[in-house]
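Colleague: What follows is a protein structure lacking sequence information:
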């Protein structure tokens, strides 16, 4: 079967001056992969006529599907629509459906008057098929030329996602004969990529050709993904599962979960299964662990609340850490973290707590307590486990690493303290 | 003066299956722009020999600088180094400096034994100039071929950033004659991109050719950036500043700050200037506002702590919201938010507080209180301002929008309640 390749082109100067991080492409790539479409290239170009034109030319030699996002906004620097019109040899006409959509959004949702620029969003080249936009004013466009499909969508993530899920993926599935795909993913923590690779090198080299193993490292964790490509979905799933079982046995010591979930989702699942709750007492992570947990839909089932005790006064007055402890051992210490946990257990009345205290940088380090030193505690009413870490990165990454290590400590604590 | 163009190529299957969001390119693009280098293309390709080879060929026709990241890790799927070796016609040799660096990292920092794979990281093509890596084991490489510079760096952000700041940017400045650049950026909130564009269209069309205006929208805010390019840095700065002053007057109503800062940084600055402190009582934002504030280095000067009262029991027992209020008006209501603020002021003893309560989705909505309904309050001991919002996005975006609107409400509250 022919492998169908896609190129994703994102348009916008903002991507090339680095003001905006492109999250669209990653999401699109995931969805395309799930549907058996191989993403060969992701390309970002500026709002420059020749560069966009050239990108369409070049990518059409690499891929049979060209997905274009961005450049459809109402401001003057958006040249994508006139360019597409000329590229495919059409002329701009008002699309009745798109016009009704723009009017409806302004009259019934935004409830403010339209201006000329807004109306112009309903114009499309007469050589395209319009892709309806249920979440915004700019319609999507589908073009075909010499066997290549070109799809233009707005750069607003929420609108693009609506078009992909509601129209594009299905239309591509109807147009092409796509291969069957089967994925299995597991998450590991506490082992580096190179050691993991060494540990499973025999497994990797013995994999059949149609199954690939990918290492996906991220903030002290490594995700392992097996992907099988073929024609018979059911058979592929069986074969991947057999390899996946072997892989799970090989990495059991470091495995967090045998699903494509984040660490916080894995912890949330563990808590929900046991009907237990968690709260946090955060100093150096400043509410980030709470944010990770509450980003999960339905987190109210296992998460109740947090005390972010950034200043020592909050540690003392809200969490009832003894002032003498802070004076004697400092706020970044095992004793302080133990008392923060005790305070959080009393105040939040959860089954488990996590506490953090550390120096995240770039300032505040001393010789005894350097930047990157963190104390993390996890526990319940019977037991506590407290551990220190030393991270060597920038503030943002130190916060991420502290949160990930804390969540993984809690996961192990729950499993280790279970009465079997 | 010739405009020097760069292409950024990121290598790795993980970018094309969408498991990883590429933050490297945005950072690199920012730094290159600041140094007068125009980024023409950003391209992501997989760990596929022919695709990488072809990308080097094609991009060398577009740009005089090719920056490559990724593909230098210790696992089997990394083919970049042997490819570069063949592409530039060299052979792999051990580099003494890189070898000493790998040994030092394992012996003195990681304190664990090395394996074969780690040692191999010190191998480089004999036709490159080695770029030292002070933050990891994989050395960077600098190649020249037919007037084009090729730079290969690891994909680990912390390591790549170290190489760019410590070596690459300066070396590029020595190699090329780069133009002078002057930027001025301001942040607006509360006005859509199209209305802003309409409002300042006369200003934009009257700008001289060497000054460009960019719209950079992000979560309900729009950043406006003026960029001047020329030869005399001092003169450019004067000319940009004059235009910037006009722009500031035009958008005064919506301007958050006249610097390239985030909203939370602007709020932090406002608080620091006044010697005031802030705390938060967060339900639906689940600690995200606390996280935004504590992501700023030195935030302990103005931020003391938060109560994340996700469950109603925490609202009642910790923040002392009346149970009858929750029973009568619900947790997502003006009254509850007012009492959350009062509780936070009493407990955290800060000058200002922010409180949030809402339904973030995807579940939990009713006809009276639909998904996306949020109550936000800001206040001090004398005054409170409470407002409801209705967001129509996914959970993550609803949380972001709530946090941004809350921070902007606080900013306005501080300015409005000042005794002049």
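Modeller: Nice, thanks for sending it over. Small disclaimer: the values here were computed from a predicted structure and weren't measured.

Colleague: now the residue nearest to residue A:292 when sequence neighbours are not counted: how far from residue A:402?
Modeller: If the residues on either side of it in the chain are set aside, residue A:292 comes closest to residue A:264, at 4.3 Å by C-beta to C-beta, 6 or more residues apart in numbering or on different chains. Backbone N, C-alpha and C define where each C-beta goes, glycine included. With the distance defined as C-beta to C-beta, to the nearest Å, residue A:264 ends up 13 Å from residue A:402.

Colleague: cool, residue A:359 as well?
Modeller: Taken as C-beta to C-beta, the span from residue A:359 to residue A:402 is 11 Å.

Colleague: buried residues in stretch A:377-386?
Modeller: By 16 or more other C-beta atoms under 10 Å in any protein chain shown, the buried positions in stretch A:377-386 come out as A:377-380, A:384, A:386.

Colleague: So which of residue A:359 and residue A:402 has more stuff around it?
Modeller: The residue with more neighbours, out of residue A:359 and residue A:402, is residue A:402; 25 against 22, by other C-beta atoms under 10 Å in any protein chain shown.

Colleague: Next, the contact list for the more buried one, please.
Modeller: Contacts for residue A:402 (C-beta atoms under 8 Å, 6 or more residues apart in numbering or on different chains) come out as A:284-285, A:356, A:358, A:360, A:374, A:376, A:389, A:391.

Colleague: ok so, going back, I'd like the buried residues of stretch A:377-386 as CSV, with distance to chain B appended.
Modeller: Shown next, in CSV, are those (distance: C-beta to the nearest C-beta, whole Å):
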residue, distance to chain B
A:377, 18
A:378, 18
A:379, 19
A:380, 18
A:384, 21
A:386, 21
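
Colleague: Secondary structure and distance to residue B:165 added to those, as CSV?
Modeller: Output for the buried residues of stretch A:377-386, formatted as CSV (DSSP: H, G, I helix; E, B strand; the rest coil; distance: C-beta to C-beta, whole Å):
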residue, secondary structure, distance to residue B:165
A:377, strand, 35
A:378, strand, 36
A:379, strand, 41
A:380, coil, 45
A:384, strand, 41
A:386, strand, 36
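
Colleague: want to throw the residues you listed into JSON lines with pLDDT and distance to residue A:364?
Modeller: Conversion of these to JSON lines gives the following (pLDDT from 0 to 100; distance: C-beta to C-beta, whole Å):
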{"residue": "A:377", "pLDDT": "98", "distance to residue A:364": "20"}
{"residue": "A:378", "pLDDT": "98", "distance to residue A:364": "24"}
{"residue": "A:379", "pLDDT": "98", "distance to residue A:364": "26"}
{"residue": "A:380", "pLDDT": "97", "distance to residue A:364": "31"}
{"residue": "A:384", "pLDDT": "97", "distance to residue A:364": "26"}
{"residue": "A:386", "pLDDT": "98", "distance to residue A:364": "21"}
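
Colleague: Identify the farthest-apart pair in those.
Modeller: Based on C-beta to C-beta, the longest span within the buried residues of stretch A:377-386 runs between A:380 and A:386 and measures 13.3 Å.

Colleague: Distance check, the residue of chain A most remote from its centre against chain B.
Modeller: Distance to the chain centre peaks in chain A at residue A:324, reaching 42.7 Å (criterion: C-alpha atoms, centre = their mean). Distance, residue A:324 to chain B, using C-beta to the nearest C-beta, to the nearest Å: 21 Å.

Colleague: For residue A:117, which three-state class applies?
Modeller: Taking DSSP: H, G, I helix; E, B strand; the rest coil as the rule, one finds residue A:117 in the helix state.

Colleague: hang on, it packs against residue B:198?
Modeller: Yes. Using C-beta atoms under 8 Å, residue A:117 is in contact with residue B:198, at 6.4 Å.

Colleague: Of those two, which one has the most company?
Modeller: Legend: neighbour count by other C-beta under 10 Å for residue A:117 and residue B:198, higher for residue A:117 (19 against 16).

Colleague: and that one, what pLDDT?
Modeller: Confidence at residue A:117, expressed as pLDDT, is 78.

Colleague: Now for the residue nearest to residue A:292, how many residues are close by?
Modeller: Counted with other C-beta under 10 Å, the neighbours of residue A:264 add up to 20.

Colleague: ok, now residue A:394?
Modeller: So residue A:394, with other C-beta under 10 Å, has 17 neighbours.

Colleague: follow-up on the earlier one: what's the farthest-apart pair in the contacts of residue A:402?
Modeller: Spanning the widest gap among the contacts of residue A:402 are A:360 and A:376, at 12.9 Å by C-beta to C-beta.

Colleague: Looking at the two, which is more packed in?
Modeller: residue A:360 (30 against 26).

Colleague: Disregarding flanking residues, what is the spatial nearest neighbour of residue A:216?
Modeller: Nearest-residue entry for residue A:216: residue A:223, 4.0 Å, with adjacent residues in sequence omitted and distances by C-beta to C-beta, 6+ apart.

Colleague: I'd guess that neighbour is in a helix, am I close?
Modeller: No. Per three-state DSSP, residue A:223 lies outside any helix segment and is strand.

Colleague: per-residue pLDDT, it?
Modeller: pLDDT, residue A:223: 89.

Colleague: Can you name the next helix or strand after the lowest-mean-pLDDT helix or strand in chain A?
Modeller: Within chain A, no helix or strand scores below helix A:116-119, which has a mean of 80 by mean pLDDT, DSSP states H and E. Per DSSP states H and E, the first helix or strand lying C-terminal to helix A:116-119 is strand A:123-125.

Colleague: what lines up beside that next one in the sheet?
Modeller: The strands beside strand A:123-125 in its sheet (DSSP bridges) come out as strand A:92-94 (antiparallel).

Colleague: And the partner strand, what's buried?
Modeller: Within strand A:92-94, no residue counts as buried by 16+ other C-beta under 10 Å.

Colleague: Could you list the domains of chain A?
Modeller: A:5-175, A:180-257, A:263-416 (automatic domain parsing).

Colleague: Of the ones you listed, give the one that comes closest to residue B:256.
Modeller: domain A:5-175 (15.5 Å).

Colleague: Show me what the helix or strand where residue A:41 lies is packed up against.
Modeller: Using DSSP H and E, residue A:41 maps to strand A:38-45. In terms of contacts (3 or more C-beta pairs under 8 Å, 6 or more residues apart in numbering or on different chains; DSSP states H and E), strand A:38-45 is packed against strand A:5-11, helix A:13-16, helix A:24-34, helix A:49-62, helix B:13-16, strand B:38-45, helix B:49-62.
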